[in-house]
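Peer 1: Based on what follows, work out the 3D shape:
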Amino acid sequence: MSDRRNVDVLIAGQGAAAFSAGLYSARYQMNALIVGETFGGETALGGLIENYPGAPDIDGFELMLKMQEQVQKYGVPIVSAKVEHVRRVDGCFEAGFSDGTGAHTASVILAVGRERRKLGLPHEEEWIGKGVSYCSTCDAPLYRGKVAAIVGGGNAAVEGAILTAKYAASVYLIYRRAQFTRPDPVLLRQLEKTENVSVLFETVVTELIGSDQKGLEAIRLSRPFEGSDVLEVHGILIEAGADPRLELPNQLGLNINPETNEVHVDRMMRTGVDGVYAAGDLTDGSGPLKQTVTAAAQGAIAALSAYHHVSSRATPCPHNA
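Peer 2: Residues are numbered from 1 along each chain as shown. A predicted model of the protein is given here:
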């Protein structure tokens, strides 16, 4: 590997948990390195945020820029790359990144978040940006005066339908089950008042119809709606949830919560593998509440645990000596 850094703590991710961990690591006088493939995590894609303490009505991307700037003021380097592997070597860790660089580190904080679920249909990948989207809060304004479909049955899907309906002429909210999956009551009340949203329960999108030149033009449904199983739409916004990114946790042999498929952590964000901590949406540390504020809190706790681990070592890692 052409370039290896020697650090006290490697933080994988570039979202709220990662930036918080980087900030607190620096304040604990640790040599930290943040490496993440996608800036801002879920928060950056979340549109307007109204429930982050001290920053009312702030755009999620802007909030992440502020966190990034705060971390950089403490001199923490941020590398835009994927952490491809982490392995234990002589009681410490060796990591490799997608840009060809890597690191030797005494501790690791995993804050890689979740991967948004896809429908798994032909043309889905090719037509991203051509009518296929995974972020209604990002792309709703693109459908002003047009027809859009939202897929999903949780908070994100219901909220996405309400938002998109403010721009679109009509919106189809499509969900495979007979009822929504525990959305907030306030969102359900808003949805009921939104006249240009049609809800299609027990329905699955089975085909994306269009061309590589024009992108998405229609979708085929598993059951007819108003006499046809084809809906002409200008876009489909997929809000079908997300799954924890478990590639690195599996490499390190971390305990996975069998009920949630998340990395299991204790109250100090310890994973059960000495020197490895996890924070944010990757973990079961905040139960079902996955918010920017909980991710940031977990990142701070993980940094404290990493500090205790690094400072209590009888001998430093060979490469950090």
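
Peer 1: where along the stretch 1-150 of the chain do the helices fall?
Peer 2: 16-27, 41-44, 60-73, 136-139 (DSSP state H, counting those that start in this stretch).

Peer 1: how many degrees apart are the longest one and helix 16-27 in direction?
Peer 2: Here helix 60-73 runs at 20 degrees with respect to helix 16-27, directions being taken by axes from the mean of the first three to the mean of the last three Cα atoms, to 10 degrees.

Peer 1: then stretch 289-296 to CSV, C-alphas only?
Peer 2: What follows is stretch 289-296, C-alpha atoms only, in CSV (Å, rounded to 0.1, in the frame of the first residue of the first chain):
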residue,chain,number,x,y,z
LEU,A,289,-35.0,5.8,17.2
LYS,A,290,-32.6,6.6,14.4
GLN,A,291,-32.0,10.4,14.5
THR,A,292,-29.2,12.8,13.9
VAL,A,293,-29.1,13.7,17.6
THR,A,294,-28.8,10.0,18.7
ALA,A,295,-26.1,9.3,16.1
ALA,A,296,-24.1,12.3,17.3
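
Peer 1: Can you give me the buried ones in that stretch?
Peer 2: Within stretch 289-296, the residues that count as buried by 16 or more other Cβ atoms under 10 Å are 290, 291, 292, 293, 294, 295, 296. The way it works is simple: take the backbone N, C-alpha and C, and place the C-beta from them, glycine included.

Peer 1: hang on, the earlier thing: okay, the helices of the stretch 1-150 of the chain in a markdown table with mean pLDDT and mean neighbour count next?
Peer 2: Putting those into a markdown table (pLDDT from 0 to 100; neighbours: other Cβ atoms under 10 Å) gives the following:
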| stretch | mean pLDDT | mean neighbour count |
| --- | --- | --- |
| helix 16-27 | 99 | 28 |
| helix 41-44 | 88 | 25 |
| helix 60-73 | 96 | 18 |
| helix 136-139 | 83 | 21 |
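
Peer 1: Residue 255: which of the ones you listed is closest?
Peer 2: Closest approach to residue 255 among those (Cβ to Cβ): helix 16-27, 18.4 Å.

Peer 1: picking up where we left off before, okay if I get the helices of the stretch 1-150 of the chain as a markdown table plus distance to residue 242?
Peer 2: Below are these laid out as a markdown table (distance: least, Cβ to Cβ, whole Å):
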| stretch | distance to residue 242 |
| --- | --- |
| helix 16-27 | 15 |
| helix 41-44 | 8 |
| helix 60-73 | 15 |
| helix 136-139 | 14 |
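
Peer 1: Next one, pLDDT for the nearest residue in space to residue 57 that is not next to it in sequence please.
Peer 2: Distances taken as Cβ to Cβ, 6 or more residues apart in numbering put residue 50 closest to residue 57, at 5.8 Å, once the chain neighbours are dropped. Here the pLDDT value assigned to residue 50 is 81.

Peer 1: quick one, phi/psi of whatever residue is furthest in space from the centre of the chain?
Peer 2: Most distant from the centre of the chain: residue 227, at 37.7 Å, with distances by Cα atoms, centre = their mean. According to degrees, to the nearest 10, the main-chain angles of residue 227 amount to phi 90, psi 0.

Peer 1: any idea how far it is from residue 221?
Peer 2: 12 Å (Cβ to Cβ, to the nearest Å).

Peer 1: before we move on, what about residue 62?
Peer 2: Distance from residue 62 to residue 221, by Cβ to Cβ: 38 Å.

Peer 1: Retrieve the pLDDT associated with the residue farthest from the centre of the chain.
Peer 2: 96.

Peer 1: any chance you could map the strands in the stretch 1-150 of the chain?
Peer 2: Taking DSSP state E, counting those that start in this stretch to define them, one finds strands in the stretch 1-150 of the chain at 3-12, 32-36, 48-49, 58-59, 78-80, 83-89, 92-97, 101-110, 114-116, 132-133, 147-151.

Peer 1: and the longest helix for this protein?
Peer 2: In the chain, ranked by residue count with DSSP state H as the criterion, the top helix is helix 292-312.

Peer 1: just to revisit the earlier point, in terms of mean pLDDT, which of the strands of the stretch 1-150 of the chain ranks lowest?
Peer 2: strand 48-49 (a mean of 79).
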